[in-house]
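**Student:** here is the input, now give the coordinates:
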Amino acid sequence: MDDATDSPYQPPAAQVRDRPAVKKPAPVKAVFVGLAVDVLGTLVFQFIIGIVYGLILVSRGVTPDNIKQVAESFGWGAWIHAVSLAVGMGFSLLGGYICARIARERVLRSVTAMALLDVALAVPFTHGAFDLEAVGLIAGMVVAIFVGAWLWLYRARKSADAQ
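**Tutor:** I've put the predicted structure just below:
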């Protein structure tokens, strides 16, 4: 122990830093931010895809008066419906992920509250027709929200195990 670096009384040579501050959980904020991401993201996308689809129809020679008829006549097989459904479910998944990430504690409680509010906002868009399509879309939206939360929980658990 003649060398100064081997002395037990010397401070370590490694850089020592404080741990980053842990953010406090915010369940109410988590619910409303996740809900905003889901609802606003979906609505903005629907608005944009509606404009694009209208422009496509006009470029194909459909008169502006007939655009509404054409847009209301497409069903499950239409490409625009499939794209809208996929992107809407993607925003639901992202909203659930963000809700879980902000909540940090009691994640399932926050995500359940978000899903219930999302369903409450989705019901008026069914126009009172609770057919199989409406129930399937709402169930798919709820599943996407919980999958997003599960992805965050899985990622958080994986990063905690790595440390």
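**Student:** name the nearest residue to residue 109, ignoring sequence neighbours.
**Tutor:** Distances taken as C-beta to C-beta, 6 or more residues apart in numbering place residue 27 nearest to residue 109, at 6.9 Å, with adjacent residues excluded. Quick note: C-beta positions are derived from backbone N, CA and C, even for glycine.
**Student:** look up how far residue 126 lies from that neighbour.
**Tutor:** Distance, residue 27 to residue 126, using C-beta to C-beta, to the nearest Å: 28 Å.
**Student:** cool, residue 42 as well?
**Tutor:** Distance of residue 42 to residue 126, given as C-beta to C-beta: 15 Å.
**Student:** for the two, work out which one has more neighbours and name it.
**Tutor:** residue 42 (21 against 14; other C-beta atoms under 10 Å).
**Student:** quick one: contacts for the more buried one?
**Tutor:** By C-beta atoms under 8 Å, 6 or more residues apart in numbering, the contact list for residue 42 reads 87-88, 91-92.
**Student:** three-state assignment of residue 10?
**Tutor:** coil (DSSP: H, G, I helix; E, B strand; the rest coil).
**Student:** again with residue 46
**Tutor:** Counting by three-state DSSP, the backbone at residue 46 sits in helix.
**Student:** ok, it touching residue 84?
**Tutor:** Yes. Contact criterion C-beta atoms under 8 Å: residue 46 and residue 84 qualify, at 6.3 Å.
**Student:** more neighbours, the two?
**Tutor:** Between residue 46 and residue 84, residue 84 has the larger neighbour count (other C-beta under 10 Å), namely 17 against 13.
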